[in-house]
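>>> Sharing a model that was predicted from the sequence below.
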Amino acid sequence: MKLIRAILCTIFIATGITATVAAENIDSQKSDVPPLVVVFPKSNIDFNPIHAFTSTEAQLYTALYEGLVSYNPLNLEPLPGVAESWDISKDGTTYTFHLRKGATYWNGQPVTAQDFRNTWLHLLDPKVKAEYSFLLDSIVGAKAYRLGETNDPDSVGIKAVSPDVLEVKLEHPASQFLKILCHYSFVPIPSNYLDRESWKDQSVIPGNGPFYVLKHTADEIDLTKNNLYWDAENVDVNEIKIILTDDSEKVTKMFDSGEIQWATGSVQWNKVHDQRSIMVNPLFATSYFFFRAVDIPWNNPDVRRALALLLPWDKIRQDSPLYIPTSTLVPKFDSYPDVTGITKPNSQEAMSLLAKAGYPAGRGLPSVTVAIPNDPESKRIADIMAASWESAIGLTVKVEAVPYPNYYKRIETGQYTLATTTWIGDFADPLTFLQMWTSDSNLNDGGYRNPAFDLKVHNSMSQSEPERYKTLADAETILLGGAEVLPIDHSPALNLVKIADIQGWFPNSLDIHPFKYLRFRTPDPIPGVAQSEDSRTTLDPPPNRFFGSPAGSSRGARS
């Protein structure tokens, strides 16, 4: 403990962060309780919540950061976070958040309403290019500020009324607004960190959540309980060790030997000793391919649709115990209308569209590059696409596989014709799958532009259900009809969890499990009876559990 304190105090002084309260935080970390050990796939983690988008970061950041509201671990509905309460005006356009007076960063610095205002304005700054800034477009003036149409921060409806009162004015009522604020992008950040894009090389990660980073490397992240967190008394785990690896054999052996309590990603599922530990549940997620629709001819919906109509969709969308084939982007959602995508080939229509676009029988089309993460399922699908196009119209197709940690950096370069991803909704609403494809979205990787689609999404923002869902379904029909997105399947959440050892882990549609609710299970001993591991209380296995080996590893899930 002395060595840790000495090292960290040196870090605090070097970075200008107050050490007095933090030292008190460190002193309290004396415990004989072993750490909670978790395994996530290998990933590039920068720790800056403004520039994050992967599912691994979404899970990790539930430990490090907290916004005005946070996720309910059972159903992901908004719970009070930094804001202990809020008021909504009668017309639904003004939210007044009342911050907890005990809310602090891990070093004891208070979290204020001004921190939220500064962070959100920074997020909206067009120079920052924050991935999720478009989700705040319902705030008065936010979209104009984000697009650089005005540089006046006072034109944005975000006001720090006092240190503990934040007022947010919306353009129109938005029933999804609180759900959006659960997202990690909207947590507060101290002002001296706002201009640091990557925090990977920072010794101190300035969070305000139930845990903070003790140390981090490319292979491991060690977290310790933040005793200055406002709800620390209800955080049971003192330490968390997160191992980042794609070694499925190692992960499986460690789980079977009891060295880890939770794993997701690379696992030899069919070799896990206790198959009851495999947790499978429906996920609000879709895997799909998409075009880079920026350059000629791929910005022409007739060309994209023609290529899509030349594909053998029954071979591409294979039914399996793990993946549910789909022709639509938005997964099944209560009250959301049925949408029809491309379900089968139609060579006659494809040739007609190509001729109309000026490429009869495909003549004159440039070569196609299909970028995929390096996994078997993506390779299988990409190879079918390549063979089909080469056979039908003599198209030259190159499939390029990129290791997952570097895959999204490749996508950012724009050096591809088609790419693939698995998108997990950021909140339980169809909008999370559609708003990202609007012309001014920072997550519109394909550069899709369609004014009719944009208008539908925009109009939906001020509507209520079921009208809003009908409008969004119309928008999805436009997106799928122009073949910008080629849906493949809906994938479930797949986790390996020692439910006999931990509690507070609940399957849910976004596969987010806030760390603050996880705790070691301590069953009450029965007097005079020896209790083995197998006799401990467990949860009933989820329905439709998958017991075999998955058809393919994750295709680079984003969240």
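Arrived safely, thanks for sending.
>>> would you put the C-alpha positions of whatever helix or strand Glu390 lives in in CSV?
Here Glu390, judged by DSSP states H and E, is contained in helix 376-393. C-alpha atoms of helix 376-393 as CSV (Å, rounded to 0.1, in the frame of the first residue of the first chain):
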residue,chain,number,x,y,z
PRO,A,376,-14.9,-16.5,-40.4
GLU,A,377,-18.6,-15.3,-40.8
SER,A,378,-17.7,-12.0,-42.3
LYS,A,379,-15.3,-13.8,-44.7
ARG,A,380,-17.9,-16.3,-45.7
ILE,A,381,-20.4,-13.6,-46.6
ALA,A,382,-17.9,-11.4,-48.4
ASP,A,383,-16.7,-14.3,-50.5
ILE,A,384,-20.3,-15.1,-51.6
MET,A,385,-20.8,-11.4,-52.5
ALA,A,386,-17.5,-11.4,-54.5
ALA,A,387,-18.3,-14.6,-56.4
SER,A,388,-21.9,-13.6,-57.2
TRP,A,389,-20.9,-10.2,-58.7
GLU,A,390,-17.9,-11.6,-60.6
SER,A,391,-20.2,-14.3,-62.1
ALA,A,392,-23.1,-12.1,-62.9
ILE,A,393,-21.5,-9.0,-64.4
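>>> tell me the mean pLDDT over the helix or strand following that helix?
Going down the chain from helix 376-393, the next helix or strand is strand 397-402, by DSSP H and E. Averaged over strand 397-402, pLDDT sits at 96.
>>> Okay, now the sheet partners of strand 397-402, with direction.
When pairs are called by DSSP bridges, strand 397-402 turns out to pair with strand 368-373 (parallel).
>>> so the strand it pairs with versus helix 376-393, what angle?
170 degrees (axes from the mean of the first three to the mean of the last three CA atoms, to 10 degrees).
>>> Can you name every helix or strand that the helix holding Glu390 contacts?
Here helix 376-393 is seen to pack against helix 313-316, helix 347-356, strand 368-373, strand 397-402, strand 418-424 when contacts are counted using 3 or more CB pairs under 8 Å, 6 or more residues apart in numbering; DSSP states H and E. Yep, even glycine has a C-beta here, placed from its N, CA and C like the rest.
>>> contacts for the third one?
By that I understand strand 368-373. Residues from elsewhere that reach strand 368-373, judged by CB atoms under 8 Å, 6 or more residues apart in numbering: 289, 378-379, 382, 385-386, 389, 395-404, 407, 410-411, 415-420, 555-556.
>>> same deal with the last one?
Under the contact criterion CB under 8 Å, 6+ apart, strand 418-424 has outside partners 55, 58, 283-292, 368-373, 378, 381-382, 385, 411, 433, 436, 445-446, 486, 488, 491, 510-511, 554-559.
>>> Run through the residues that contact Val402.
Residues in contact with Val402 (CB under 8 Å, 6+ apart) are 371-374, 410.
>>> what about Phe289, is that helix, strand or coil?
The three-state label for Phe289, taken from DSSP: H, G, I helix; E, B strand; the rest coil, comes out as strand.
>>> Verify the stated contact: it with Ile381.
Yes. Using CB atoms under 8 Å, Phe289 is in contact with Ile381, at 7.4 Å.
>>> Give me the domain ranges for the protein.
Annotated domains of the chain cover 1-30, 68-186, 211-282+495-558, 285-490 [automatic domain parsing].
>>> and the ones you listed as JSON lines, adding distance to Ser203?
Shown next, in JSON lines, are the domains of the chain (distance: least, CB to CB, whole Å):
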{"stretch": "domain 1-30", "distance to Ser203": "5"}
{"stretch": "domain 68-186", "distance to Ser203": "13"}
{"stretch": "domain 211-282+495-558", "distance to Ser203": "9"}
{"stretch": "domain 285-490", "distance to Ser203": "23"}
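>>> Out of those, flag the one nearest Thr62.
Closest approach to Thr62 among these is made by domain 211-282+495-558 (4.2 Å; CB to CB).
>>> pLDDT averaged over the closest one, what's the number?
On average, the pLDDT along domain 211-282+495-558 is 78.
>>> For stretch 174-188, what is the distance to the chain centroid?
Here stretch 174-188 is found 13 Å from its chain centre; the criterion is CA atoms, centre = their mean, to the nearest Å.
>>> and what of stretch 258-267?
20 Å.
>>> just stretch 427-441 next, same as before
On CA atoms, centre = their mean, the centre of stretch 427-441 falls 13 Å from that of its chain.
>>> Quick check: Gly447 vs Arg305, distance?
Distance of Gly447 to Arg305, given as CB to CB, to the nearest Å: 17 Å.
>>> wait, I meant Pro514
Look at Pro514 and Arg305: by CB to CB, they are 42 Å apart.
>>> cool, Lys409 as well?
Distance from Lys409 to Arg305, counting by CB to CB: 30 Å.
>>> who's more crowded, these two?
Just comparing Lys409 and Arg305: by other CB atoms under 10 Å the higher neighbour count belongs to Arg305, 22 against 10.
>>> Would you mind confirming that the more buried one is in contact with Glu484?
No. At 9.4 Å, Arg305 does not count as touching Glu484 under the criterion of CB under 8 Å.
>>> Could I get the contacts of Val402 in TSV, plus columns for pLDDT and neighbour count?
Listed next are the contacts of Val402 as TSV, based on pLDDT from 0 to 100; neighbours: other CB atoms under 10 Å:
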residue	pLDDT	neighbour count
Ala371	96	23
Ile372	96	26
Pro373	92	26
Asn374	88	15
Arg410	88	17
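>>> In CSV: those, plus distance to Tyr132.
Output for those, formatted as CSV (distance: CB to CB, whole Å):
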residue, distance to Tyr132
Ala371, 23
Ile372, 25
Pro373, 22
Asn374, 27
Arg410, 21
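>>> Closest to Ala357 out of the residues you listed?
Closest to Ala357 out of those is Ala371 (23.4 Å), distances taken as CB to CB.
>>> Next, count neighbours for the nearest residue to the closest one once chain neighbours are set aside.
Closest residue to Ala371 in three dimensions, ignoring its sequence neighbours and counting by CB to CB, 6 or more residues apart in numbering: Tyr416, at 3.8 Å. Tyr416 is flanked by 22 other residues according to other CB under 10 Å.
>>> thought Tyr416 was touching Val294?
No. Shown here, Tyr416 and Val294 do not form a contact pair, counting by CB under 8 Å, at 10.8 Å.
>>> Of all the helices and strands in the chain, which has the lowest average confidence?
Every helix and strand in the chain was compared by mean pLDDT, DSSP states H and E; the lowest is helix 2-15, with a mean of 25.
>>> for the stretch 151-300 of the chain, what spans make up the helices?
For the stretch 151-300 of the chain, applying DSSP state H, counting those that start in this stretch gives helices covering 177-181, 248-256.
>>> Same list, the ones you listed, but as JSON lines with distance to Val457 please.
Shown next, in JSON lines, are the helices of the stretch 151-300 of the chain (distance: least, CB to CB, whole Å):
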{"stretch": "helix 177-181", "distance to Val457": "14"}
{"stretch": "helix 248-256", "distance to Val457": "40"}
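>>> Please identify the most buried of those helices.
By mean neighbour count, with neighbours taken as mean count of other CB atoms under 10 Å, helix 177-181 ranks first of the helices of the stretch 151-300 of the chain at a mean of 22.
>>> how about the CA coordinates for that helix, as CSV?
Presented in CSV, the C-alpha positions along helix 177-181 are these (Å, rounded to 0.1, in the frame of the first residue of the first chain):
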residue,chain,number,x,y,z
PHE,A,177,-34.4,12.3,-24.4
LEU,A,178,-33.8,10.8,-20.9
LYS,A,179,-32.9,7.5,-22.4
ILE,A,180,-30.3,9.2,-24.7
LEU,A,181,-28.8,10.8,-21.6
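>>> Remind me what it packs against, helices and strands.
Counting contacts by 3+ CB pairs under 8 Å, 6+ apart, helix 177-181 is packed against strand 78-80.
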